[in-house]
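Enquirer: Only the shape, not the letters, is given here:
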């Protein structure tokens with residue numbers, strides 16, 4: 001039987017905010033254990049540094065300019081929620097279900113109306129509309145499409161639903177469980193006091209004190225809190241709370257003697273700045289939109305005893321599109337692209353996980369956010385944007401404060417990266433879904449940075 005698969009897919013959990021990636025103050029023993037006894041992908045990136053496009057890329061294996069979701073989808077907009085944003089596309093869940101997997105989602109969906117169970121899922125437990133709220137002791141959830149009220153933290157409720165699924169599943173079929181934790185998303189308030197208290201004493205030395213990013217200002221919906229230390233303490237507590245949820249599910253697998261048959265994946269939709277570069281937020285935490293390292297880097301840990309070699313820290317560049325292909329590979333499912341779409345851009349990295357060297361792996365990152373596009377190799381990053389292109393030497397300038405786009409000796413580098421970026425989108429872009437369409441794109445929310453017209457009267 002192929003591997004069972006559990007994917008922990010968090011919201012706004014930055015790569016820098018985990019001990020496995022060097023954070024010296026966050027306590028996350030379960031995730032640390034998974035990293036130490038599995039593989040830590042050191043250079044994991046999101047295709048787009050904002051929620052919905054990144055999630056759509058995970059589910060479809062496609063870039064935003066292929067699947068057409070380019071910004072976060074407003075959860076309080078009837079028009080946005082009524083749209084089938086992934087119409088005509090086959091998701092990872094559908095492919096796995098067709099291959100005989102029992103499939104489940106608990107937690108955040110954010111690719112359209114979360115209260116409506118989506119094709120490909122046998123079990124569905126997601127937030128109902130714009131909930132949960134951390135200032136409310138009771139929140140509403142969609143249990144197979146029926147509204148139910150639950151008491152407790154969102155992380156507890158999501159974990160409870162995941163445990164329920166594991167206990168009720170057919171033990172003779174492989175399962176796929178997606179656990180969409182959202183505790184690390186703002187607002188950073190009202191996390192369990194038992195977790196927050198210790199972090200109020202933290203120094204937060206993993207967050208550099210530095211000048212504001214010189215290539216943009218505050219975003220259209222800034223998140224800078226009145227008390228930065230308290231917000232950071234709440235965020236750190238959120239990571240610890242998620243870690244406890246992960247631990248509960250690992251314990252349940254052990255109790256069922258299913259741990260060795262189960263691939264565990266931990267990742268996030270995108271990164272986050274908690275004051276780095278003077279920014280509070282992700283790619284839309286600034287205007288123009290940013291593709292800073294803190295925004296695009298995500299944690300990625302994979303663990304399965306006897307299958308994934310323990311103690312690995314791999315330096316290959318991977319994205320959610322590669323993870324999509326890797327999970328299909330674990331399930332023994334051929335990654336067939338939808339007939340009307342170009343070839344899938346990702347590549348399975350499963351062959352590396354037993355500890356094997358990577359065969360001709362291309363260590364290039366490509367990302368996009370609306371009309372902004374970026375390409376990065378091990379040293380340089382080129383960001384294309386209407387407000388002026390950026391070229392950073394990340395070896396000499398890891399904080400991305402010096403733009404070398406007009407430096408004569410950097411022109412060959414810029415030309416090389418630009419040609420690679422053009423070649424990628426020439427191969428994969430779908431014209432009708434291109435982020436370059438700008439104002440012609442469907443409305444995702446009121447705050448799209450590329451939309452020139454006043455959106456204040458638009459249904460949110």
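Expert: Nice, thanks for sending it over. What you are looking at is a predicted structure, and each value in this text was computed from that prediction instead of being measured.

Enquirer: out of everything not next to it in sequence, what's closest to residue 173?
Expert: residue 102 (5.1 Å; CB to CB, 6 or more residues apart in numbering). C-beta: built from backbone N, CA, C; applies to glycine.

Enquirer: residue contacts, that neighbour?
Expert: Contact analysis of residue 102 by CB atoms under 8 Å, 6 or more residues apart in numbering lists 122-123, 169-170, 173-176.

Enquirer: wait, isn't residue 383 in contact with residue 372?
Expert: Yes: using CB atoms under 8 Å, residue 383 is in contact with residue 372, at 6.8 Å.

Enquirer: between those two, which one's more packed in?
Expert: Using other CB atoms under 10 Å as the criterion, residue 383 and residue 372 rank with residue 383 on top: 27 against 23.

Enquirer: May I have the beta-bridge partners of that one?
Expert: residue 374, residue 390 (DSSP bridges).

Enquirer: Kindly check the end-to-end length of stretch 339-353 for me.
Expert: Distance across stretch 339-353, first residue to last, is 30 Å (CA to CA, to the nearest Å).

Enquirer: what's the offset of that stretch from the middle of its chain?
Expert: In terms of CA atoms, centre = their mean, to the nearest Å, the centre of stretch 339-353 is set 18 Å apart from its chain centre.

Enquirer: ok, for the residue nearest the centre of the chain, nearest residue in space, not its chain neighbours?
Expert: The centre of the chain sits closest to residue 269, judged by CA atoms, centre = their mean, with a distance of 0.9 Å. Leaving aside its chain neighbours, residue 269 sits nearest to residue 54 (4.0 Å; criterion: CB to CB, 6+ apart).

Enquirer: residue ranges with poor pLDDT in the chain?
Expert: Applying pLDDT under 70 to the chain picks out residues 130-137, 220-222, 452-460.

Enquirer: The residue nearest to residue 269: what's it in contact with?
Expert: Contacts of residue 54 by CB under 8 Å, 6+ apart are 46-48, 269-270, 320.

Enquirer: just how off-centre is the strand or helix carrying it within its chain?
Expert: Using DSSP states H and E, the element containing residue 54 is helix 51-60. Relative to the centre of its chain, helix 51-60 is centred 8 Å away, using CA atoms, centre = their mean.

Enquirer: Where is the longest helix in the chain?
Expert: helix 228-255 (DSSP state H).

Enquirer: Return the set of buried residues in it.
Expert: 231-247, 249-250, 252-253 (16 or more other CB atoms under 10 Å).

Enquirer: mind listing the helices for the stretch 101-250 of the chain?
Expert: 154-168, 193-199, 228-255 (DSSP state H, counting those that start in this stretch).

Enquirer: which one of the ones you listed lies closest to residue 26?
Expert: helix 228-255 (5.2 Å; CB to CB).

Enquirer: Helix 154-168 and that closest one, what's the angle between them?
Expert: Counting by axes from the mean of the first three to the mean of the last three CA atoms, to 10 degrees, helix 228-255 lies at 10 degrees to helix 154-168.

Enquirer: So which elements touch whichever helix or strand comes after helix 228-255?
Expert: Next along the chain after helix 228-255, taking DSSP H and E as the criterion, comes strand 262-268. The elements that strand 262-268 packs onto, with contact taken as 3 or more CB pairs under 8 Å, 6 or more residues apart in numbering; DSSP states H and E, are strand 4-10, helix 29-36, helix 228-255, strand 300-303, helix 320-331.

Enquirer: Partner strands of strand 262-268, with direction?
Expert: strand 4-10 (parallel), strand 300-303 (antiparallel).

Enquirer: Identify all contacting residues around the helix or strand just after that strand.
Expert: Under the assignment DSSP H and E, the closest C-terminal helix or strand after strand 262-268 is strand 273-274. Under the criterion CB under 8 Å, 6+ apart, residues 14, 207, 228, 231-232, 235, 279-282, 285, 292, 294-295 lie in contact with strand 273-274.

Enquirer: Stretch 86-99 too?
Expert: Contacts of stretch 86-99 (CB under 8 Å, 6+ apart): 2, 5, 56, 58-62, 67, 69, 103, 105, 111-112, 118-122, 176, 178, 324, 327-328, 331-333, 338, 340-341.
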